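Everything below, folded, please.
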Amino acid sequence: MSQNLAMPVLTKLDSSRLVPTARRLVSALLLLLAVAACGGKEKPYVERPVEELYNQAMDALAVSEWEAAAKGFDEVERQHPYSVWANKAQLMAAYSYYQKNMYTDAISAAERFIQLHPGSKETPYAYYLVAVCYYEQITDVGRDQKTTQQALSSLEEVVRRYPTSEYARDARLKIDLTRDHLAGKEMTIGRYYLRKNQQIAAINRFKSVIEKYQTTTHVPEALHRLAEAYMSLGVLEEAQNVAAVLGYNYPGSEWYVDTYTLVSGQEVPTASSEKKSWWNIF
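Residues are numbered from 1 along each chain as shown. Predicted structure coming up:
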């Protein structure tokens, strides 16, 4: 599910706009004194200008050295936490980690940016980046779907907070795919229970698909399997009710044909041989 996520619009620094602060000079002096006291056993820590650190990270980004870029942006924030460029470096680090598929680090950096800068114009991008990181980790329906749930929650958060943004439009598409995936997981479990003759457990799963994921592609099969489970239990009236719902909403589906035959013991009537609605025959 990988994709090309647009990079936030940020540029290199203009060193002529930057003036060293007394705080940085004092910090560097204290660090050098501490190293000297240790007898020179450790490599001296030398604070570098913010523009040098940031531009070096941007150079790494330009040649797709994602991890080096991310660590470079992290260093900007570490050495110059009160600089305006530390804020931008947080988001650039998140983007770089994402490009390297280091999703945990990307999410951490983006969420830190959100926490520190909730009102920034770049915050919608940070929310969207978190959602995409979860989305691209969605696994097949045979595995645990915790990440899928996190993706859905994060995507819905983007839509809720920024409904008219460009990120919301894409998030809505991904929400549909994510919900379909979660419905597929419920179907997988439901089929398993049905094979094991655990009809009540299967019914609960199929009902979950019908009630929680009504717009997904799995609903016709869920209705069919639900009717199948009721028939297995000998609850004919419930099976007929489910068959009627399936026939009314999905009259052209293959599941409609199978369910009709299962419940009625007859073939589906054609338009020429049967004029009344089939779901009223029971």
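
nearest residue to residue 79 other than its sequence neighbours?
residue 47 (5.5 Å; C-beta to C-beta, 6 or more residues apart in numbering). For every residue, glycine as well, the C-beta is placed using N, CA and C.

Look at the one you found and tell me its secondary structure.
coil (DSSP: H, G, I helix; E, B strand; the rest coil).

confidence score at it?
pLDDT, residue 47: 75.

try residue 19
pLDDT for residue 19: 39.

residues contacting the nearest residue in space to residue 233 that is not next to it in sequence?
Nearest residue to residue 233, sequence neighbours excluded (C-beta to C-beta, 6+ apart): residue 199, at 5.2 Å. Counting by C-beta atoms under 8 Å, 6 or more residues apart in numbering, residue 199 touches 193, 229, 230, 232, 233.

The residues you listed: which two are farthest apart?
Largest separation among the contacts of residue 199 by C-beta to C-beta: 193 and 230, giving 13.8 Å.

Longest helix in this structure, please.
The longest helix of the chain (DSSP state H) is helix 166-195.

The residue nearest to residue 233 and residue 189: what is the separation?
Note on residue 199: its distance to residue 189, by C-beta to C-beta, to the nearest Å, is 13 Å.

Over to residue 70?
In terms of C-beta to C-beta, residue 70 sits 38 Å off from residue 189.

Which one's more surrounded, these two?
Per other C-beta atoms under 10 Å, whichever of residue 70 and residue 189 has more neighbours is residue 70, with 27 against 17.

How about the contacts made by that one?
Residues counted as contacts of residue 70 (C-beta under 8 Å, 6+ apart) are 57, 93, 96, 97, 100, 102, 105, 109.

Can you tell me which one of those residues sits lowest on pLDDT?
For those, the least confident entry is residue 57, with 89.

In contact with that one, which residues?
68, 69, 70, 71, 72, 73, 75, 76, 89, 92, 96.

Could you do residue 120 as well?
Contacts of residue 120 by C-beta under 8 Å, 6+ apart are 87, 113, 126.

correct me, but residue 48 touches residue 76?
No. Under the criterion of C-beta atoms under 8 Å, residue 48 makes no contact with residue 76, lying 9.4 Å away.

of those two, who's got more company?
residue 76 (28 against 14).

how about the residue lying closest to that one once chain neighbours are set aside, secondary structure?
Using C-beta to C-beta, 6+ apart and skipping the chain neighbours, the partner closest in space to residue 76 is residue 89 (3.8 Å). When classified by three-state DSSP, residue 89 comes out as helix.

Just the pLDDT for residue 89.
Residue 89 is given a pLDDT of 90.

can you check residue 165 too?
At residue 165, the pLDDT recorded in the model is 93.

ok, it touching residue 124?
Yes. With contact defined as C-beta under 8 Å, residue 165 counts as touching residue 124 (5.3 Å).

Between these two, which contacts overlap?
With C-beta under 8 Å, 6+ apart as the test, residue 165 and residue 124 both reach residue 158.
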